[in-house]
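*Asks:* this one's structure only:
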Ligand code: ADP
Ligand code: ZN
Ligand code: ZN
């Protein structure tokens with residue numbers, strides 16, 4: 001028999017495939033694209049994905065290595081998903097093997113079988129009797145048998161274990177023929193009963209229009225942008241559409257942002273339907289993740305809810321993709337494979353010929369642009385559902401007002417009034433820690449990170465200075481390291497400081513601080529949220545963790561301590577993000593019967609963007625912002641890619657990027673194309689981070705096609721550069737952080 005070669009995608013950053021000799025004894029038809037194969041790689045063993053088989057290889061005969069083992073009976077990735085992953089690798093100019101790694105659960109990457117795990121079950125024998133003579137004097141065995149007898153379907157070993165029943169008792173019963181053991185795959189059965197576990201709400205006119213519009217398009221590809229103000233009932237629209245798709249026997253993928261604080265949203269999906277819901281988010285462990293993935297693939301889960309990587313889940317029959325909070329930046333992965341889950345979900349839906357509904361109160365400018373140009377259908381929900389009204393805004397000019405721990409006197413009064421009326425207050429401050437800087441009053445010294453171009457944040461509670469960029473921690477100095485003065489003072493305020501101040505101002509009122517520090521312990525967030533849900537007067541204080549998806553019926557005042565950063569950043573997306581954050585945080589106010597109000601403290605209270613946002617709303621702001629982007633020729637009117645390099649020696653990063661520039665220029669001459677503009681190399685906004693110097697080169701093009709042709713040629717060549725060995729580099733296509 002002639003040799004057969006396997007062309008594999010391996011988990012390495014190298015943008016190429018690797019040939020191995022197929023082991024003998026496996027019939028040729030078993031080598032289907034998409035199966036996993038274990039192979040030796042250097043001195044390790046890795047799991048690769050078969051891309052194709054060939055009869056010849058360019059590798060010299062003596063050098064071809066033998067593949068070790070075929071891991072799957074059938075392809076792990078069916079052709080449509082395989083194609084999507086290949087498309088992803090090519091669009092983001094990423095190694096195909098590494099793209100596969102991001103697209104599959106960790107256990108599959110490690111070579112675990114792609115079949116639902118089997119569990120040990122115990123079933124009572126037909127004639128098993130608790131009064132059996134043989135166990136008369138064995139109370140533990142009687143207890144075990146009694147437990148199993150109560151479960152006609154048998155009991156899992158783990159269940160018995162949880163009852164405190166010992167393995168020895170069970171074994172003894174098996175020995176006596178009173179119990180049988182059996183390995184069962186634990187595929188959950190679809191719960192019986194009607195599809196709806198809870199009645200759905202009667203839709204208002206706007207919601208009904210939206211459901212009708214999407215409902216008509218369920219069997220073809222169309223993208224719907226559901227732009228509904230916060231609390232307008234977008235989730236209810238999703239639920240009605242999901243019901244329609246489930247009735248057709250098809251599956252639904254619901255993508256949610258990363259810190260959606262899951263339970264609240266997820267429970268609404270779970271409670272509505274009598275179907276199996278699989279979860280794929282950061283708190284799901286590896287085994288559960290694999291089970292969810294397999295359940296979706298085998299049609300054993302009707303709904304999959306997950307964060308960005310859930311987009312790569314295989315489905316037996318996917319009928320609809322819902323993208324909640326489509327503007328959220330957590331859909332974009334910021335390391336390794338820098339993909340955008342929303343954009344890829346749209347590609348997937350187009351290939352499958354199914355509809356996508358993406359919702360947001362503050363749609364991204366990209367999506368609004370696509371709606372304006374007619375590529376997406378725009379559905380608006382302008383009113384809050386139920387009895388709630390829209391909140392009112394007030395810009396509080398704090399230029400001439402003293403701030404104590406970030407809080408002005410008029411704001412303090414407003415908080416006092418709200419609490420006195422028996423209502424709750426939400427205070428938003430997007431900066432954790434006690435103070436962003438520790439400064440010496442005598443010589444002006446400030447605590448800097450030794451590894452980053454950044455100040456250290458004071459964390460008073462731990463008496464520490466911490467870098468929020470590299471994680472460095474040091475003791476708070478007692479005296480100024482430069483002049484030995486004892487006059488070291490915190491400057492500015494973070495959530496810890498505001499918490500301290502609010503607690504002094506309102507000693508009888510609970511102040512609940514919610515940020516990454518206070519919620520580090522698992523379950524602590526839920527406990528805090530429960531306190532707020534009770535509805536008694538309290539102050540909720542926190543970072544953007546608070547902005548997302550929460551429903552706090554008793555909050556009637558939202559205070560934004562500082563939104564000015566977004567108005568003066570070098571990043572052209574900063575104002576969009578500021579606007580989204582302000583509107584999302586504001587959306588937490590007055591979600592029940594009581595009307596809500598929002599107070600924004602600002603040093604630039606008369607800034608045109610802020611006025612427009614608070615007086616005319618997000619859409620007026622977005623229209624203006626889009627106009628500015630068009631004039632400046634920025635995305636979404638142009639397309640960008642960012643080549644980043646970092647090295648311990650700044651020269652190395654720079655050398656690499658200069659080589660990249662000349663390579664790009666050569667390629668452009670070769671293509672006779674000057675469409676793509678190159679900007680840089682320049683230092684990154686924070687040049688030094690974690691001890692490494694960072695520089696970047698920006699590519700801008702009015703058209704995608706020439707940009708991608710150039711990037712493709714470039715990446716292939718960059719790998720070969722000698723300067724590439726001295727710098728870490730990465731390419732970010734459609735970057736959202738510049
Ligand atoms: P969004 O997702 O747009 O923020 P939700 O779907 O969470 O809005 O709805 C906000 C609140 O309004 C929820 O408490 C929800 O139960 C309620 N709601 C939604 N639709 C209706 C409706 N048609 N009738 C009555 N209440 C509704
Ligand atoms: Zn000093
Ligand atoms: Zn640092």
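*Replies:* Perfect, thanks for sending it. All of these numbers come straight from a predicted model, not from anything done at the bench. Numbering: from 1, shown residues only. Ligands and ions are numbered 1, 2, ... in the order given.
*Asks:* check contacts around residue 732.
*Replies:* 338, 641, 642, 643, 644 (CB atoms under 8 Å, 6 or more residues apart in numbering). Just so you know, the C-beta spots here come from the backbone N, C-alpha and C atoms, and that holds for glycine as well.
*Asks:* Next step: these restricted to strands.
*Replies:* Among the contacts of residue 732, the members falling in strands are 641, 642, 643, 644 (criterion: DSSP state E).
*Asks:* about what we covered before: can you redo the contacts of residue 732 as a markdown table with neighbour count, pLDDT and distance to residue 612?
*Replies:* Listed next are the contacts of residue 732 as a markdown table, based on neighbours: other CB atoms under 10 Å; pLDDT from 0 to 100; distance: CB to CB, whole Å:
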| residue | neighbour count | pLDDT | distance to residue 612 |
| --- | --- | --- | --- |
| 338 | 21 | 97 | 32 |
| 641 | 23 | 98 | 31 |
| 642 | 22 | 97 | 29 |
| 643 | 27 | 97 | 35 |
| 644 | 21 | 97 | 34 |
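*Asks:* just curious, which of those residues is nearest to residue 520?
*Replies:* Taking CB to CB as the measure, residue 520 lies nearest residue 338 of the contacts of residue 732, at 26.8 Å.
*Asks:* Please report the distance of the closest one from residue 734.
*Replies:* 8 Å (CB to CB, to the nearest Å).
*Asks:* Please apply the same query to residue 287.
*Replies:* 34 Å.
*Asks:* Of the two, which one has the most company?
*Replies:* residue 734 (19 against 13; other CB atoms under 10 Å).
*Asks:* Skip the chain neighbours and tell me the closest residue to that one.
*Replies:* Using CB to CB, 6 or more residues apart in numbering and skipping the chain neighbours, the partner closest in space to residue 734 is residue 340 (6.2 Å).
*Asks:* Kindly state the beta-bridge partners for the one you found.
*Replies:* residue 332 (DSSP bridges).
*Asks:* quick one, what contacts it?
*Replies:* With CB under 8 Å, 6+ apart, residue 340 has these contacts: 331, 332, 333, 734, 736.
*Asks:* ok, so of the residues you listed, who is nearest residue 421?
*Replies:* For the contacts of residue 340, the nearest to residue 421 is residue 331 (38.7 Å; CB to CB).
*Asks:* Surely residue 160 is within a helix?
*Replies:* Yes - Residue 160 sits within a helix when classified using DSSP: H, G, I helix; E, B strand; the rest coil.
*Asks:* hang on, it packs against residue 147?
*Replies:* Yes - between residue 160 and residue 147 there is a contact under CB atoms under 8 Å: 6.5 Å.
*Asks:* Between those two, which has more neighbouring residues?
*Replies:* Neighbours of residue 160 and residue 147, each counted by other CB under 10 Å, are more numerous for residue 160; the result is 22 against 16.
*Asks:* wait, what's in contact with the more buried one?
*Replies:* Residues near residue 160 by CB under 8 Å, 6+ apart: 122, 144, 147, 148, 170.
*Asks:* quick one, phi/psi of the residue of the stretch 201-350 of the chain found nearest ligand 2?
*Replies:* The stretch 201-350 of the chain approaches ligand 2 most closely through residue 334 (37.1 Å), counting by CB to the ion. Main-chain dihedrals, residue 334, degrees, to the nearest 10: phi -100, psi 10.
*Asks:* Relative to residue 258, how far out is it?
*Replies:* Noted for residue 334: a distance of 11 Å to residue 258, by CB to CB.
*Asks:* And residue 211, by the same measure?
*Replies:* For residue 211, the distance to residue 258 - CB to CB - is 28 Å.
*Asks:* re the thing from before, sort out which of the contacts of residue 160 are in strands and list them.
*Replies:* residue 122.
*Asks:* Return the subset of the contacts of residue 160 lying in helices.
*Replies:* 144, 147, 148, 170 (DSSP state H).
*Asks:* Which pLDDT value belongs to the closest residue to the second one other than its chain neighbours?
*Replies:* Spatially, and ignoring its direct neighbours in sequence, residue 147 is nearest to residue 163 (5.8 Å; CB to CB, 6+ apart). As summarised for this prediction, residue 163 has a pLDDT of 83.
*Asks:* how does the protein divide into domains?
*Replies:* 5-110, 118-185, 205-381, 392-434+492-631, 639-733 (the TED database).
*Asks:* Am I right that residue 566 falls within a helix?
*Replies:* Yes - under three-state DSSP, residue 566 falls within a helix.
*Asks:* Just give the closest residue to it, not the sequence neighbours.
*Replies:* Excluding its sequence neighbours, the residue lying closest to residue 566 (CB to CB, 6+ apart) is residue 578, at 2.4 Å.
*Asks:* ditto for residue 357
*Replies:* residue 224 (4.8 Å).
*Asks:* What of residue 143?
*Replies:* Looking at residue 143 with CB to CB, 6+ apart, the closest residue is residue 165, at 6.6 Å.
*Asks:* ok, the one you found - contacts?
*Replies:* 140, 143, 144, 147.
*Asks:* try 7 Å this time
*Replies:* By CB atoms under 7 Å, 6 or more residues apart in numbering, residue 165 lies in contact with 143, 144, 147.
*Asks:* This protein against ligand 3: which residues are in contact?
*Replies:* 449, 451, 452, 467, 469, 470, 472 (CB under 5 Å from the ion).
*Asks:* Could you let me know which of those residues ends up closest to ligand 1?
*Replies:* Using CB to the nearest ligand atom, residue 469 is the member of the residues of the chain next to ligand 3 that sits closest to ligand 1, with 33.1 Å.
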